[in-house]
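Asks: Fold the following.
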Amino acid sequence: MQVNHFVEPSIIYQLRNKKDESHILWPNVLVTAKTKKYYKQVPESAFSIFSNVKGNAIINIEGQKKRICEETFMLVNPFQNFEYEIQEEVNSVNVHFEWDFFQQACNTLLYSDKKLLESQQLETHADLVINQLHFKDPVIKQVLTNYSKKDETDFFLNLIEALLQRDQILKKKLIKVSSKKQSTKKELLKRMLLAKDILFSSYDNANFNINQLSEAVAMSHFHFLRVFKEVFGITPGKMLKYVRMERTKFLLENTDMPINEIALQVGFEESNSLYPILKQQLKITPNRYREISNFQ
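Replies: Residues are numbered from 1 along each chain as shown. I've put the predicted structure just below:
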């Protein structure tokens with residue numbers, strides 16, 4: 001189903017992944033809501049996707065505050081406790097999956113017909129993703145905008161399929177970590193994903209320093225840099241530059257915000273520092289880029 005408002009906190013406290021006498025089940029639900037202020041504490045999450053088409057939201061999960069902007073989305077594993085907060089004008093597009101539906105859909109997409117016929121009880125990949133931020137790729141963007149009440153089941157299935165494909169990308173990143181022990185590989189990947197989330201949530205901070213990442217994941221600076229590049233293919237510094245440029249392009253395309261104000265929004269200490277960098281990256285002036293984007 002689709003709803004255009006956030007659920008009352010009193011109802012959130014009743015929702016669980018397994019039904020009993022005192023609780024009700026999380027449903028398959030697409031939430032498209034607009035608000036300027038909202039807070040909820042979720043004692044037990046569904047498998048959920050949090051995203052925005054306008055504004056920022058904050059998720060406080062496992063001791064980490066992660067910020068969701070228009071270009072990112074957050075995946076939250078089921079049975080998770082977290083806080084969700086909005087302090088500005090936000091248009092949200094959030095999805096929550098009913099747990100049995102999610103498990104059965106994963107089985108259908110992950111296993112062959114032969115395997116499904118042979119066994120009624122299959123081990124679902126419930127650890128599909130680690131709680132983390134992602135940049136929205138074209139596939140996710142398209143699926144999130146293709147909801148219709150008539151084809152509701154297809155919408156949720158297509159979204160799960162897109163997430164499973166991202167899971168395969170994570171597994172490929174794990175292979176790149178040059179450690180012999182599988183447990184060490186997984187731990188290093190977990191720390192790199194945490195570092196990426198911190199970077200995604202801090203790009204607008206002019207005082208943000210890449211050295212803070214190695215400290216946050218409890219690794220020596222050079223060890224961290226080596227593993228980060230193994231996993232993501234670029235250095236943290238280049239990723240930070242990429243995130244800032246992507247955010248800048250979004251603001252040029254979707255707002256009439258002046259360039260000097262955009263510079264401050266994406267983490268430049270001096271408002272005039274962004275213009276020459278943008279011109280070099282875009283090969284045209286920022287104002288011309290905005291004109292072309294608006295024309296298209």
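Asks: Model confidence at the residue nearest to Gln87 when sequence neighbours are not counted, what's the number?
Replies: Excluding the flanking residues, the one nearest Gln87 by Cβ to Cβ, 6 or more residues apart in numbering is Lys37, at 6.4 Å. C-betas here are computed from N, CA, C, even on glycine. The model reports Lys37 with a pLDDT of 92.
Asks: now do Asp113
Replies: Predicted confidence (pLDDT) for Asp113: 59.
Asks: And Leu174, by the same measure?
Replies: Per-residue pLDDT puts Leu174 at 69.
Asks: ok, now Phe102?
Replies: Phe102 carries a pLDDT value of 88.
Asks: on that earlier part again, burial count for the residue nearest to Gln87?
Replies: For Lys37, the number of neighbouring residues by other Cβ atoms under 10 Å comes to 10.
Asks: from what I can see it touches Glu89, true?
Replies: No: with contact defined as Cβ atoms under 8 Å, Lys37 does not count as touching Glu89 (9.3 Å).
Asks: shared neighbours of these two, which are they?
Replies: The overlap between the contact sets of Lys37 and Glu89 (Cβ atoms under 8 Å, 6 or more residues apart in numbering) is empty.
Asks: isn't there a strand covering Leu133?
Replies: Yes: per DSSP: H, G, I helix; E, B strand; the rest coil, Leu133 lies within a strand segment.
Asks: Let me know whether it touches Met74 as I believe.
Replies: Yes: with contact defined as Cβ under 8 Å, Leu133 counts as touching Met74 (5.5 Å).
Asks: Please say which of these two ends up with more neighbours.
Replies: A direct count of neighbours by other Cβ under 10 Å for Leu133 and Met74 places Met74 higher, at 25 against 22.
Asks: average pLDDT across the helix or strand harbouring the more buried one?
Replies: With secondary structure defined by DSSP states H and E, Met74 is part of strand 72-76. Throughout strand 72-76, pLDDT has a mean value of 89.
Asks: which strands and helices sit next to that strand?
Replies: Secondary-structure packing of strand 72-76 (3 or more Cβ pairs under 8 Å, 6 or more residues apart in numbering; DSSP states H and E): strand 47-54, strand 57-61, strand 132-135.
Asks: Any figure for the gap between the residue nearest to Gln87 and Ile58?
Replies: Distance of Lys37 to Ile58, given as Cβ to Cβ, to the nearest Å: 12 Å.
Asks: most packed of the helices and strands packed on strand 72-76?
Replies: Most buried of these, by mean neighbour count (mean count of other Cβ atoms under 10 Å): strand 47-54, with a mean of 21.
Asks: Tell me which strands that one pairs with, and in which orientation.
Replies: When sheet partners are counted by DSSP bridges, strand 47-54 sits next to strand 72-76 (antiparallel), strand 90-97 (antiparallel).
Asks: Contacts for the shortest one, please.
Replies: The reference is to strand 72-76. Defining contact as Cβ under 8 Å, 6+ apart, one finds that strand 72-76 is touched by 45, 47-51, 59, 61, 66, 68, 82, 129, 131-136, 140, 163, 200.
Asks: Likewise for the last one?
Replies: For strand 90-97, the surrounding residues in contact (Cβ under 8 Å, 6+ apart) are 6, 26-36, 38, 45-57, 86, 144, 156, 159-160.
Asks: Can you flag the buried ones in these?
Replies: For those, a burial check counting by 16 or more other Cβ atoms under 10 Å picks out 6, 26, 28-33, 38, 45-52, 55-57, 86, 144, 156, 159-160.
Asks: so who does the residue nearest to Asn146 when sequence neighbours are not counted touch?
Replies: Nearest residue to Asn146 in three dimensions, chain neighbours excluded: Phe155, at 6.4 Å (Cβ to Cβ, 6+ apart). By Cβ under 8 Å, 6+ apart, the residues touching Phe155 are 30, 143, 146-148.
Asks: The residue nearest to Gln87 and His96, how far apart?
Replies: Distance, Lys37 to His96, by Cβ to Cβ: 21 Å.
Asks: Next: Ser48.
Replies: For Ser48 relative to His96 (Cβ to Cβ), the value is 5 Å.
Asks: for Gln2, same thing?
Replies: 11 Å.
Asks: for Ile59, same thing?
Replies: From Ile59 to His96 the distance is 14 Å (Cβ to Cβ).
Asks: and if you look at Lys249?
Replies: Counting by Cβ to Cβ, the gap from Lys249 to His96 is 30 Å.
Asks: And for Leu163?
Replies: Leu163 is 13 Å from His96, by Cβ to Cβ.
Asks: repeat for Ala57
Replies: Taking Cβ to Cβ as the measure, Ala57 falls 15 Å from His96.
Asks: what does Val227 give?
Replies: As for Val227, its distance to His96 is 33 Å (criterion: Cβ to Cβ).
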